[in-house]
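Trainee: 3D, please:
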Amino acid sequence: MTSKPDALRRLIDLPGVNDLEYRAILKRDFAEPEARAEFPEIDACAAALFGLTADEAEAAPRPQGWDDIECKAPAVQVAAFEAEGWDVTDDKRRPLRVLGHFSAPLWLAVRGVAGTLPFQAESREPEAWVSKLEADAKRFRKR
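Mentor: Prediction:
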């Protein structure tokens, strides 16, 4: 009885990320790594979501064999994040402009090296076998 894979978790749907993405659309420099010094809300959001800031994630020791995925091109990271169950794109399927601020903390949390993943409530939708079982029970009661 294995359940179907869950839908991808969207980074932009996490608290605060959509607002930061909007600001990066309005001001291109907001997406640059240097923006973290000028805008502390970027680090505050990352710390609230993953338990680490981007600077703490960059300084965190990596296990042997780490592939430095957080340093790769955004398009490569998008595919790798999807394989891990995360959607790091906007509604037009473009990598988020603020991905550079969140990729290292998210990678460390996804791989269990440092930080934590945000809580996600279990889906309230019944699995297919549960619905089928309920339908069979209703038919049985009608006999």
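Trainee: need the helices for the chain, in chain order.
Mentor: 17-26, 35-38, 40-50, 54-59, 74-83, 99-110, 128-142 (DSSP state H).
Trainee: Mind giving me the packing neighbours of the first one?
Mentor: Secondary structure elements in contact with helix 17-26, counted by 3 or more CB pairs under 8 Å, 6 or more residues apart in numbering; DSSP states H and E, are helix 40-50. Just so you know, the C-beta spots here come from the backbone N, C-alpha and C atoms, and that holds for glycine as well.
Trainee: buried sites along the helix it packs on?
Mentor: 42-43, 45-46, 49-50 (16 or more other CB atoms under 10 Å).
Trainee: From the contact counts, what lies against it?
Mentor: Other elements packing on helix 40-50 under the criterion 3+ CB pairs under 8 Å, 6+ apart are helix 17-26, helix 35-38, helix 54-59, helix 99-110.
Trainee: can you pull the alpha-carbon coordinates of it into CSV?
Mentor: Only the C-alpha atoms of helix 40-50 are listed here, as CSV (Å, rounded to 0.1, in the frame of the first residue of the first chain):
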residue,chain,number,x,y,z
PRO,A,40,18.1,41.8,6.5
GLU,A,41,14.6,40.5,5.7
ILE,A,42,16.2,38.0,3.2
ASP,A,43,18.2,36.3,6.0
ALA,A,44,15.3,36.6,8.4
CYS,A,45,13.0,34.7,5.9
ALA,A,46,15.6,32.0,5.2
ALA,A,47,16.3,31.5,9.0
ALA,A,48,12.6,31.3,9.7
LEU,A,49,12.0,28.7,7.0
PHE,A,50,15.1,26.6,7.1
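Trainee: Return the residues in contact with the closest residue to Glu41 other than its chain neighbours.
Mentor: Spatial nearest neighbour of Glu41, excluding adjacent residues (CB to CB, 6 or more residues apart in numbering): Leu20 at 7.2 Å. When contacts are counted by CB atoms under 8 Å, 6 or more residues apart in numbering, Leu20 touches 30, 41-42, 45, 98, 101.
Trainee: a markdown table for the helices and strands packed on helix 40-50, including distance to Gly65?
Mentor: Shown next, in a markdown table, are the helices and strands packed on helix 40-50 (distance: least, CB to CB, whole Å):
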| stretch | distance to Gly65 |
| --- | --- |
| helix 17-26 | 29 |
| helix 35-38 | 28 |
| helix 54-59 | 18 |
| helix 99-110 | 14 |
